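1. one predicted model, sequence on top.
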Amino acid sequence: MADRIIQLKKTVEAAPDESRYRIKYAELLNAAQLTAVTHRGGPILVIAGAGSGKTRTLIYRVARLIESGVPPGAILLLTFTRRAAQEMLRRVGQLVGDRGGEVAGGTFHSFANTILRGHGGPIGLQPNFTILDRGDMEDVINLIRTRMGLGSKERRFPKKGTLAEAISMARNKNRALDAELEADFAHLAEYRAEILALAANYDSYKRERGLLDYDDLLHRLAELIKHHAPTRQRLADTFRYIMIDEYQDTNAIQAELVRLLAATHRNVMAVGDDAQSIYSFRGANFRNIMDFPKLFEGAKVLKLEENYRSLQGILDLANEVIARAPEKYTKALFTRRAGDLRPLLVRTADEHTQSRFVAQRILELREEGVELGEIAVLFRSSFHAFDLELELQRRDIPFVKRGGFKFIETAHIKDVLAHLRVVANPSDAVSWLRMLMLAKGVGHRRAERMIEEMAGAAAPERALGAAAAKAGMRAAAAVEGCARLAALIGALRGEGRRPADQLAEVMDYYGPILREAYPDDYPKRERDLEHFQNIAERYRSLESMLADMALEPPNDSIGDVLATAPEEGYVTLSTIHSAKGLEWHAVFVIWAADGRFPGPMSVGAEEIEEERRLMYVASTRARDELYLSYPIYMFDRAMGYVMGRPSRFLEELDAAVLPTALVQEEEPD
């Protein structure tokens, strides 16, 4: 008998009913963006080329989910800066109204801070823990280093900064410190046992005193999710849709957190660009974005290739540079912008001629109507710009250089913060030490003895007096200094105090100390404190202010902010790392020479490929004009003057993609 044929009806997935949505997504997004935005469930990786509307895609996805009925509080948007999160949520609010404000958004670290303060009890965390910034971390390590007798003059031992870097890098890469020392700090092999012991003591010190450094925030959150099932379930039930911006910049523990948070529902969208993975020195792992489809099996991979920033000539260069990478998500950036300008490789006789070329072209651009604020000079390393800075000054071209101390890293701001941090967490021995060292007549050893007596006391202002007496404090100045400090702490701990009022009281106390400690520039430092006072007015909770100061501090000293600004703005001088995410009409990339870019320390295959991605990032910062320059004669410390050649990332490019020009100096009349 012939087999019976059973015909199955083909099922066609119905297109979504767009009439239910107020926002006309199909009219506002290109095809690839629309596919990403309308993706509902399951993992998806969006490879967003430079200038391809990554942020637009994210905010419209959030809006689409909300319009589809997903509660805003069920959406978690993780970014790398609070400013980016706030801007995205502001734009979501413009699309969907007040509901956008209910979306959970922030940095990995701020998210971890919030969860740990609310749910950290099962792993022994109290809500008032103190967050150590990098400087505080180094101070604690140095304290332990000294206590262990590792800072003696008889034997050289790694400095606190090196130790902090090794410990932090191991945490960021999510591997044992022993393995990190072997891989990246082989020159410290003879100190291996002592470093491991110091790291263990550092961890114990923090746990005993309610201290967490930046890396602890992520690791303790992972610990909480892994080992406490009720919290794990609560987070999974709360955050049902997770989106991560700049996924290529995640480190190993951040990728692990994403996996843990999305383990039950797998509704995760990662957005990033493998070609812009340039932060390995911070622990970022290029493998995270490459291995996302393995981590989330069955993940959809989508590419955004239409560029809305640059002319096609610039994109052709960027495409050619990255096409030679051995491992990548293949994509080809294109634009609908009209314009035939092409990038130019500029050869100059020497470094000073290079500086004169850049300065002259900047002045020409200004005459052509391009504002100085629309011009940037980028470089691989900060010292590459020293000669150019002198030339710009000589020609009276105003510029701002990205870098330098952050506002929150200045000594006077850290002094003031120490007093407030002790109010929030009386066990914060680092801040106690900083405060006591400001009091007259209190030396380092005596301060340490006092801290052991009073850290964590229920009434620290009373414990301070007792500790001073027990430490043998007899000098009138020291007794008076401790008494004044105790009175201040008592006043600050009053019920219902606003952070701004508490800060004002600390500043009254600290004012005379500041003027005595910094007689040369105390007016500028006082303006910084006034700026801090204005910041404090925004807060109603001391704990919230202290967390923000540690996680997302202001970047600029007010002395720089108040500098006289030319009406037409500044030319920006910046390392390429600091320029990521920014754009200008015209960009100069100086020292695009082999031996400078890539630099002499980049020898391994992975390092060279990150340098290639750095060239891609530099090129795609330009909208209309891009100049890459290098000197023909370069000075080498070991060999004297040598012949320069273009960066290996540019050397083999076709002249149709990258034409070349030679700068010739005009003879004076």
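-> Now that the structure is in, tell me what you want to look at.

2. from here on, contacts and neighbour counts on C-alpha atoms
-> Noted.

3. name the nearest residue to Lys328, sequence neighbours excluded.
-> Spatial nearest neighbour of Lys328, chain neighbours left out: Asp274 (6.6 Å); criterion: CA to CA, 6 or more residues apart in numbering.

4. give me phi/psi at the one you found?
-> The phi and psi values for Asp274, taken as degrees, to the nearest 10, are phi -60, psi -30.

5. wait, isn't it in contact with Gln248?
-> Yes. Counting by CA atoms under 8 Å, Gln248 is a contact partner of Asp274 at 5.8 Å.

6. got any residues that touch both of those two?
-> Phe286, Ile289 (CA atoms under 8 Å, 6 or more residues apart in numbering).

7. number of residues surrounding His109?
-> 24 (other CA atoms under 10 Å).

8. that one: which element?
-> Assessed by DSSP states H and E, His109 sits inside helix 108-119.

9. rewinding a little: who's in contact with the residue nearest to Lys328?
-> Each residue near Asp274 by CA under 8 Å, 6+ apart is listed here: Ile47, Gln248, Phe286, Ile289, Met290, Lys328, Tyr329.

10. what do you get if the cut-off is 7 Å, keeping everything else the same?
-> Applying CA atoms under 7 Å, 6 or more residues apart in numbering to Asp274 gives the contacts Gln248, Ile289, Lys328.

11. quick one, which of those has the minimum pLDDT?
-> By pLDDT, Lys328 ranks lowest within the contacts of Asp274, coming in at 92.

12. what secondary structure does that one sit in?
-> coil (DSSP: H, G, I helix; E, B strand; the rest coil).

13. ok, now Ile47?
-> Quick answer, by three-state DSSP: Ile47 is strand.

14. what about it, how many neighbours?
-> Counted by other CA under 10 Å, the residues lying close to Ile47 total 26.

15. next: the one 4 residues further on.
-> For Gly51, the number of neighbouring residues by other CA under 10 Å comes to 22.

16. can you spell out which helices and strands pack onto the helix holding His109?
-> Applying 3 or more CA pairs under 7 Å, 6 or more residues apart in numbering; DSSP states H and E, one finds that helix 108-119 makes contact with helix 214-227.

17. in which helix or strand would I find Ile242?
-> Element membership of Ile242 [criterion: DSSP H and E] is strand 241-244.

18. show me what that strand pairs with in its sheet, parallel or antiparallel.
-> Paired with strand 241-244 in the same sheet, following DSSP bridges, are strand 75-79 (parallel), strand 268-272 (parallel).

19. could you check the angle the next helix or strand after the first one makes with strand 75-79?
-> From strand 75-79 onward toward the C-terminus, using DSSP H and E, the following helix or strand is helix 82-96. With axes from the mean of the first three to the mean of the last three CA atoms, to 10 degrees applied, the angle from helix 82-96 to strand 75-79 works out at 140 degrees.

20. what's the average pLDDT for helix 82-96?
-> 89.

21. with stretch 367-379 instead?
-> Stretch 367-379 shows a mean pLDDT of 95.

22. stretch 501-519 now?
-> 89.

23. what of stretch 194-202?
-> In this model, stretch 194-202 has a mean pLDDT of 95.

24. and stretch 597-604, by the same measure?
-> 81.

25. quick one: terminal-to-terminal distance for that stretch?
-> End-to-end distance for stretch 597-604, by CA to CA, to the nearest Å: 14 Å.

26. list the contacts of that stretch.
-> Residues external to stretch 597-604 that are found in contact with it (CA under 7 Å, 6+ apart): Arg380, Trp591, Ile608, Glu611, Ser647.

27. give me the element Leu302 is part of.
-> Using DSSP H and E, Leu302 sits in strand 300-304.

28. next SSE downstream of the lowest-mean-pLDDT helix or strand in the chain?
-> Here the helix or strand of the chain ranked lowest by mean pLDDT, DSSP states H and E is helix 558-561, holding a mean of 39. For helix 558-561, the following helix or strand on the C-terminal side (DSSP H and E) is strand 571-575.

29. direction included, what does that next one pair against?
-> Next to strand 571-575 in the sheet, as set by DSSP bridges, lie strand 375-379 (parallel), strand 399-401 (parallel).

30. tell me the mean pLDDT for it?
-> Averaged over strand 571-575, pLDDT sits at 93.

31. now do the buried residues in it.
-> In terms of neighbour count (16 or more other CA atoms under 10 Å), strand 571-575 has its buried residues at Val571, Thr572, Leu573, Ser574, Thr575.

32. now find how far off-centre it is within its chain.
-> Per CA atoms, centre = their mean, to the nearest Å, the displacement of strand 571-575 from the mean C-alpha position of its chain is 18 Å.

33. so the strand holding Leu302 versus strand 268-272, what angle?
-> 30 degrees.

34. and strand 300-304, what's buried?
-> Lys300, Leu302, Lys303, Leu304.

35. same check on stretch 363-370?
-> Leu365, Val370.

36. show me where pLDDT drops low in the stretch 551-669 of the chain?
-> For the stretch 551-669 of the chain, the stretches with pLDDT under 70 are 553-568, 636-640, 667-669.

37. strands of that one, start to end?
-> 571-575, 584-589, 622-631, 633-636, 640-643, 660-662 (DSSP state E, counting those that start in this stretch).

38. same question, the stretch 1-150 of the chain
-> Going by DSSP E, counting those that start in this stretch, the stretch 1-150 of the chain shows strands at 44-48, 75-79, 104-107, 130-132.

39. still on that earlier bit, tell me what the strand holding Leu302 is packed against?
-> In terms of contacts (3+ CA pairs under 7 Å, 6+ apart), strand 300-304 is packed against helix 31-38, strand 44-48.
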